[in-house]
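K.L.:
structural data only, the sequence is not supplied:
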């Protein structure tokens, strides 16, 4: 497992296996309740069936986003455009607040200049993360991924990995 991010991938897979097990367990109990034939049993069973559906929807959504983000990162790496910030860092290796704020201002200006550019929104997400705002980082990354997926077919094939 020498590849960067391998531990995170293993952790994500383990979490998905646990969630899938949970979904199957809840669904099987829901079916047992429905089979009782009683009105309360059927009602609770049907209500419980919603949970596995939500869990599976969430997992698919997160994996789809993760795959798209990886494709975006691969594209930026090939082009030499991965965001990198030079500046003062604290003891944990995080950017000092003033450096992170300056990086965010620059990234935000780029995104405002080119609101349909997924690369600009990727940088905004990176800047939010540098400023420790994980919620906005994820929203910006999801927006960048949506823009990335909407690119024209010719742009997609131009950045697709060559075999």
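P.N.:
Structure received. Since this is a predicted model, take the numbers as computed values, not measurements.

K.L.:
identify the residues contacting the one helix or strand residue 102 maps to?
P.N.:
According to DSSP states H and E, residue 102 maps onto helix 97-113. With contact meaning Cβ atoms under 8 Å, 6 or more residues apart in numbering, helix 97-113 is reached by 83, 85, 87-89, 94-95, 117, 120-121, 123-124, 126-128, 130-132. Every C-beta, even on glycine, is put in place using the N, C-alpha and C of the backbone.

K.L.:
rounded mean pLDDT for it, please.
P.N.:
Per-residue pLDDT over helix 97-113 has a mean of 91.

K.L.:
in it, which residues are buried?
P.N.:
99, 100, 103, 104, 107, 108, 110, 111 (16 or more other Cβ atoms under 10 Å).

K.L.:
stretch 68-88 too?
P.N.:
68, 69, 71, 72, 75, 76, 83, 85.

K.L.:
out of these, who's nearest residue 33?
P.N.:
Comparing the buried residues of stretch 68-88 against residue 33 with Cβ to Cβ places residue 68 closest, at 37.8 Å.

K.L.:
picking up where we left off before, now a PyMOL select for only the buried ones of the contacts of helix 97-113.
P.N.:
Paste this into PyMOL to select the buried members of these, with burial taken from 16+ other Cβ under 10 Å:
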select buried, resi 83+85+95+120+121+123+124+126+127+128+130+131
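
K.L.:
which pair of the buried residues of helix 97-113 spans the longest distance?
P.N.:
99 and 111 (18.9 Å).

K.L.:
counting contacts, what elements does the lengthiest helix in the chain pack onto?
P.N.:
Identified as the longest helix of the chain according to DSSP state H is helix 39-79. Packing partners of helix 39-79 (3 or more Cβ pairs under 8 Å, 6 or more residues apart in numbering; DSSP states H and E): helix 6-35, helix 118-130, helix 134-149.
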